[in-house]
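**Student:** I need the structure of the sequence given here:
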Amino acid sequence: MNMIYLCEIINIKRSLGETRMNDFIKELQDLRYLDWENKKISIGTPGCFLKAYEEKDGIRIYYKMSNYDSYRGIFGHECVNELIVSRLLDILEIPHLRYQLVFAKLCIDEQETEGYIARSVNFRKENEKKIVFDTFYELYREKKESPLEFAKRYGWEQYIYQMFVVDYLICNRDRHGANVEVLIDEKEEPRLAPLFDHGLSLLFSCYDNLENVRKFDILEDRAVNNFIGSKSLEYNLQLLPKGQKFFAGELKEEHKEILMEGMEQVLSKEYLEKIWEMIWERWKRYVKVCN
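**Tutor:** As a prediction, this is how the structure comes out:
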């Protein structure tokens, strides 16, 4: 392991906690030592999403990969989506797990490959334990209480409204009950983890097919697997209290450069333009609905 990378690992917790950070490591990093045995299979998508982690100086560092199978290797752009959404949430000033995009040399099933992976650090405080939202809901809900009503009873409505907005802006299709987590400390009230896991969003289903990118309807109300609210992102937008603001930031056209900085190394110009068009047009739709 070279000294530059060692310093990067030591400082990653600090850098990922800052709003402006070196969030894209473009130089090839040797991460062949990581163990990618942890697999997540997602219904409706080919292949699987591999995960790994390491401990360094008491810091747990997590890694996630875009879609992978033994024939094609790494494909798709879920990890790129994580970085773009992380930047978007910085602009909107919404608490979230920050991701770093890393270009890395990897070893999977004894085969060496190169690709882009996402890196983050543990968001739990000392002594906190986590439980997925759907399990917490089943344990403590009242009779006939919906997940949304349950969240409101715990005082989490601001978080949920922020989540509805974000998921609408990026067309997130994967906000199931385990993609929201409750953090529990016996000495404090339960809290929700910062927003995380936004990979299955934007144009993820297009992969590298530019014809699919061109045909992609950026305002379509696509099917989602939300546990809180409904299966419609458009309907969830209608659930927002009108005339209220749920976060301090505001998206502007000049933010396009911030969101897409460095991404031309990974995605084509046409692909990036479509992503921006999607976010911007959905933002304008959100503003119209909320007002």
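**Student:** how about the helices of the stretch 51-200 of the chain, start to end?
**Tutor:** With DSSP state H, counting those that start in this stretch as the criterion, the stretch 51-200 of the chain has helices at 78-92, 133-140, 147-153, 157-170.
**Student:** These: which one's closest to Y207?
**Tutor:** helix 78-92 (10.5 Å; C-beta to C-beta). Where you see a C-beta, it was placed from the backbone N, CA and C, and this is true even at glycine.
**Student:** any idea which of the helices of the stretch 51-200 of the chain is most buried?
**Tutor:** Comparing the helices of the stretch 51-200 of the chain by mean neighbour count (mean count of other C-beta atoms under 10 Å), helix 78-92 ranks first with a mean of 23.
**Student:** who are the neighbours of that one, in terms of helices and strands?
**Tutor:** Applying 3 or more C-beta pairs under 8 Å, 6 or more residues apart in numbering; DSSP states H and E, one finds that helix 78-92 contacts strand 59-69, strand 100-108, strand 111-121, helix 157-170, helix 256-260.
**Student:** Listing partners with orientation, what would you give for the first one?
**Tutor:** Looking at strand 59-69 with DSSP bridges, its partner strands are strand 48-56 (antiparallel), strand 73-74 (antiparallel), strand 111-121 (antiparallel).
**Student:** want to throw the helices and strands packed on helix 78-92 into a markdown table with mean pLDDT and distance to L272?
**Tutor:** Below are the helices and strands packed on helix 78-92 laid out as a markdown table (pLDDT from 0 to 100; distance: least, C-beta to C-beta, whole Å):
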| stretch | mean pLDDT | distance to L272 |
| --- | --- | --- |
| strand 59-69 | 92 | 16 |
| strand 100-108 | 96 | 14 |
| strand 111-121 | 95 | 15 |
| helix 157-170 | 98 | 14 |
| helix 256-260 | 97 | 5 |
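**Student:** Switch these over to JSON lines; also include distance to E250.
**Tutor:** As requested, the helices and strands packed on helix 78-92 are arranged in JSON lines below (distance: least, C-beta to C-beta, whole Å):
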{"stretch": "strand 59-69", "distance to E250": "29"}
{"stretch": "strand 100-108", "distance to E250": "25"}
{"stretch": "strand 111-121", "distance to E250": "26"}
{"stretch": "helix 157-170", "distance to E250": "12"}
{"stretch": "helix 256-260", "distance to E250": "13"}
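**Student:** so which of these gets nearest K215?
**Tutor:** Nearest of the helices and strands packed on helix 78-92 (C-beta to C-beta): helix 157-170, 19.0 Å.
**Student:** could you say what helices and strands that closest one packs with?
**Tutor:** Applying 3+ C-beta pairs under 8 Å, 6+ apart, one finds that helix 157-170 makes contact with helix 78-92, helix 147-153, helix 233-238, helix 269-290.
**Student:** what's the offset of it from the middle of its chain?
**Tutor:** Relative to its chain's centre, helix 157-170 lies at 13 Å (C-alpha atoms, centre = their mean, to the nearest Å).
**Student:** Point out where this structure drops to low pLDDT.
**Tutor:** Within the chain, the stretches with pLDDT under 70 are 1-21, 38-47.
**Student:** Find the centremost residue of it, please.
**Tutor:** Nearest to the geometric centre of the chain sits H198, at 2.5 Å (C-alpha atoms, centre = their mean).
**Student:** And the closest residue to that residue other than its chain neighbours, how far from L239?
**Tutor:** Among residues not flanking H198 along the chain, V85 sits closest, at 4.1 Å (C-beta to C-beta, 6 or more residues apart in numbering). V85 is 21 Å from L239, where distance means C-beta to C-beta, to the nearest Å.
**Student:** before we move on, what about V80?
**Tutor:** To L239, V80 is 30 Å away according to C-beta to C-beta.
**Student:** CA atoms only for stretch 81-88, dumped as PDB, please.
**Tutor:** This file holds the C-alpha atoms of stretch 81-88, laid out as PDB (Å, rounded to 0.1, in the frame of the first residue of the first chain):
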ATOM      1  CA  ASN A  81     -25.100   8.100  -9.000                       C
ATOM      2  CA  GLU A  82     -24.200   7.900  -5.300                       C
ATOM      3  CA  LEU A  83     -21.600  10.700  -5.800                       C
ATOM      4  CA  ILE A  84     -23.900  12.900  -7.900                       C
ATOM      5  CA  VAL A  85     -26.700  12.600  -5.300                       C
ATOM      6  CA  SER A  86     -24.300  13.200  -2.500                       C
ATOM      7  CA  ARG A  87     -23.300  16.500  -4.100                       C
ATOM      8  CA  LEU A  88     -27.000  17.400  -4.700                       C
END
